[in-house]
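Chemist: attaching a predicted model along with its sequence, questions to come.
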Amino acid sequence: MTGDGAAALGVVTFDGPAASGKSSVAKRVAAALGIPFVSSGLLYRAATLVATNEPVELDDEAAVLAALAAHDVRLRPDLAGDAVSIDGIDETAALHSDAIDAAVSRVAA
């Protein structure tokens, strides 16, 4: 926050168990406030995509981090929905594949 008259920026977060509706509520709140909804889960999915493309052992934290360090992963929040690029290529659609769905919990852990 700055004292120069600029609008104050803030972050609203929702926490809770899986499949409890956090994202649904967060999207509606963001829409009502006119601010982007940032899906942090997409970052775990992007890490999983990078790791599976390398390939590295998904349970090996150091190897996954090394793989990530070798790539430019960017999350672009937008009112219309988040997008993720890896090395300049939009990979948003690939983050919701069955393979990523099956592996993301290993990387997130």
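Modeler: Here it is on my side, so go on.

Chemist: so which elements touch the worst-scoring helix or strand of the chain on mean pLDDT?
Modeler: Sorting the helices and strands of the chain by mean pLDDT, DSSP states H and E puts helix 22-33 at the bottom, at a mean of 87. The helices and strands touching helix 22-33, judged by 3 or more C-beta pairs under 8 Å, 6 or more residues apart in numbering; DSSP states H and E, number zero. All C-beta spots, glycine's among them, are computed from the backbone N, C-alpha and C.

Chemist: restrict stretch 51-58 to CA atoms and write it as CSV.
Modeler: Extracted C-alpha coordinates of stretch 51-58, given in CSV (Å, rounded to 0.1, in the frame of the first residue of the first chain):
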residue,chain,number,x,y,z
ALA,A,51,7.6,-32.1,-14.3
THR,A,52,5.9,-34.6,-16.5
ASN,A,53,7.3,-33.2,-19.6
GLU,A,54,10.9,-33.3,-18.3
PRO,A,55,10.3,-36.1,-17.0
VAL,A,56,11.2,-36.0,-13.3
GLU,A,57,10.0,-38.0,-10.4
LEU,A,58,6.9,-36.1,-9.1
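
Chemist: ok, which stretches of this protein are helices?
Modeler: Under the criterion DSSP state H, the chain contains helices at 22-33, 41-53, 61-69, 98-108.

Chemist: any idea which of those helices is most buried?
Modeler: Highest mean neighbour count of the helices of the chain: helix 41-53, a mean of 21 (counted as mean count of other C-beta atoms under 10 Å).

Chemist: what's the angle between that one and helix 22-33?
Modeler: Angle of helix 41-53 versus helix 22-33, following axes from the mean of the first three to the mean of the last three C-alpha atoms, to 10 degrees, is 130 degrees.

Chemist: may I have stretch 102-109 as CSV, with CA atoms only?
Modeler: Taking C-alpha atoms only, stretch 102-109 is exported to CSV below (Å, rounded to 0.1, in the frame of the first residue of the first chain):
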residue,chain,number,x,y,z
ALA,A,102,-4.1,-37.7,-11.9
ALA,A,103,-0.7,-36.3,-10.9
VAL,A,104,-1.1,-32.8,-9.5
SER,A,105,-1.7,-34.0,-5.9
ARG,A,106,1.8,-35.6,-5.9
VAL,A,107,3.4,-32.3,-6.9
ALA,A,108,1.3,-30.2,-4.6
ALA,A,109,2.2,-32.4,-1.6
